[in-house]
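Asks: sequence and computational prediction follow.
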Amino acid sequence: DAKTTQPPSMDCAEGRAANLPCNHSTISGNEYVYWYRQIHSQGPQYIIHGLKNNETNEMASLIITEDRKSSTLILPHATLRDTAVYYCIVRVPYRDDKIIFGKGTRLHILP
Amino acid sequence: DVKVTQSSRYLVKRTGEKVFLECVQDMDHENMFWYRQDPGLGLRLIYFSYDVKMKEKGDIPEGYSVSREKKERFSLILESASTNQTSMYLCASRSGTSGMWTQYFGPGTRLLVL
């Protein structure tokens, strides 16, 4: 699996958009970008995934650069409940059985 | 809405006890997984199952066994609990056929072995 690099922590004001970056410069053509988050003492929560096109769902938007070497997860209107560790991973979904998280980004939402 | 439930959020057991952790999913998923998560070690895969009656060893199966008698239920068994099995245990499920291949996690069971 390609590795990802994320900033260890970020702050965002409540109500503003939170933009979480992820670098995956060695991503291969069949690897998807997945985002999960983990609120303290809870199980990881799936957020969104994509291959090359930008994606949006009820939780977030995923912007993938044209060269696919980086991506940004956007939480459009952050709330205190979005405080969590956010993990960006790359994997081949139909091949890779196990999930491996890196250190992720600890997002603090400031009131 | 996807739903993976685990039988307990917190458990305290004594060394040598047999421990059962239950996981149920209501998404008709074929594949189910058990992980443990420890600070500094991240997620580690213990066992997984592609379908009923099937099981595959993950990276750290020693000291654990599993049971998958029904499609919706995947049980993790600690035959004789030890203190080094104190951890957060996470169950996940995934469709094996729909093309989504996304793993959905349960809330976790925090197990303390004394």
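Replies: Perfect, I can see it now.
Asks: what does chain B have sitting close to chain A?
Replies: Within chain B, the positions adjacent to chain A are B:4, B:31, B:33, B:35, B:42-43, B:45, B:48, B:56, B:58-59, B:88, B:90, B:92, B:99-108, B:110 by CB under 8 Å from any CB of the partner chain. C-beta coordinates here come from the backbone N, C-alpha and C atoms, glycine included.
Asks: ok, now which ones touch B:Glu11?
Replies: Not quite, residue B:11 is Leu, not Glu. Contacts for B:Leu11 (CB atoms under 8 Å, 6 or more residues apart in numbering or on different chains) come out as B:19, B:21, B:109-112.
Asks: for PyMOL, what selects the buried ones among the residues you listed?
Replies: A single PyMOL command selects the buried members of those (16 or more other CB atoms under 10 Å in any protein chain shown):
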select buried, chain B and resi 19+21+109+110+111
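Asks: from A:Thr65, how far off is the closest residue to chain A within chain B?
Replies: Proximity of chain B to chain A (CB to the nearest CB) peaks at B:Trp101, 3.4 Å away. Between B:Trp101 and A:Thr65 the computed distance is 23 Å (CB to CB, to the nearest Å).
Asks: the more surrounded of the two?
Replies: A direct count of neighbours by other CB atoms under 10 Å in any protein chain shown for B:Trp101 and A:Thr65 places B:Trp101 higher, at 20 against 12.
Asks: how about the contacts made by that one?
Replies: A:93-94, B:94-95.
Asks: for stretch A:86-96, which positions count as buried?
Replies: Buried residues in stretch A:86-96 (16+ other CB under 10 Å): A:86-91, A:93, A:96.
Asks: wait, what's in contact with the most centrally placed residue in chain B?
Replies: With distances taken as CA atoms, centre = their mean, the residue of chain B nearest its centroid is B:Trp34 (2.9 Å). For B:Trp34, the contact set (CB under 8 Å, 6+ apart) comprises B:21, B:23, B:45-48, B:58, B:64, B:66, B:74, B:76, B:89-91.
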